[in-house]
Structures are given as structure tokens and as C-alpha cells.
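Chemist: here's my sequence, what's the structure:
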Amino acid sequence: MKPFVKGDIDGFLGLALDNVVQIVLIVGLCQGVLGFDNSLIFGTILPGVAVSFLVGNMLYARAALKLAKETGRTDVCACPTASIRLP
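Modeler: Here you go, the predicted model:
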């Protein structure tokens, strides 16, 4: 099985953009709407978000590898939102 295939760069950039948007929203909502202190946001919340992104993405990669091995296919994706197959 190849470690990288066509479409990986697009998938990575899409995921990275999604994660950046989520972080911007978290910071904006915590500061503007909830009035949280910056030390709480940048010292506790964002490190937790970073760990959750890292662990979650590693689990998705592991699930995709397992699915690829079980089905013998190389065009699988374990992310539930990416389950639409294009022709």
C-alpha cells in the first residue's frame, strides 16, 4: 500500500483549513461572546483543542488503514463526512 496517493494533498489542505476555521471560531466566541480571559483560552482551551485534533486525526488514519486492509481497496476514507464517492 502506498503511503501517499492522489488526493492526499487536497484532503490535507481541506482538513487544515477546516481546523483553522474552527480555532478562529473558538477564540472569537470565547473572547467576544463568553468573555473568557486570554490565559484560559490560550493556556487551557487551545492546547486541549490541539490535542483533540491530533488524536482524532490519528484515529481516523488508523480506521482508514484498517478499512483499506479489510477491503483490499486503496481509495478508502474513514472520515464520516467524506463518505460520498465521486465517479
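Chemist: phi, psi of G72?
Modeler: Dihedral pair for G72: phi 80, psi 10, per degrees, to the nearest 10.
Chemist: burial count for it?
Modeler: Neighbouring residues of G72 were enumerated by other C-beta atoms under 10 Å; the total is 8. C-beta coordinates here come from the backbone N, C-alpha and C atoms, glycine included.
Chemist: do the same with L67
Modeler: Residues near L67, counting by other C-beta under 10 Å, number 13.
Chemist: so it sits right up against T74, yeah?
Modeler: No: contact between L67 and T74 fails when scored by C-beta atoms under 8 Å: they sit 10.6 Å apart.
Chemist: send over stretch 5-14 as PDB, restricted to the C-alpha atoms.
Modeler: Output of stretch 5-14 as PDB, limited to C-alpha atoms (Å, rounded to 0.1, in the frame of the first residue of the first chain):
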ATOM      1  CA  VAL A   5      -1.900   8.700  -3.100                       C
ATOM      2  CA  LYS A   6      -3.600  11.200  -5.400                       C
ATOM      3  CA  GLY A   7      -5.900  13.500  -3.500                       C
ATOM      4  CA  ASP A   8      -3.900  13.400  -0.200                       C
ATOM      5  CA  ILE A   9      -2.700  17.000  -0.600                       C
ATOM      6  CA  ASP A  10      -6.200  18.200  -1.300                       C
ATOM      7  CA  GLY A  11      -7.600  16.300   1.700                       C
ATOM      8  CA  PHE A  12      -4.800  17.600   3.900                       C
ATOM      9  CA  LEU A  13      -5.400  21.200   2.900                       C
ATOM     10  CA  GLY A  14      -9.100  20.900   3.300                       C
END
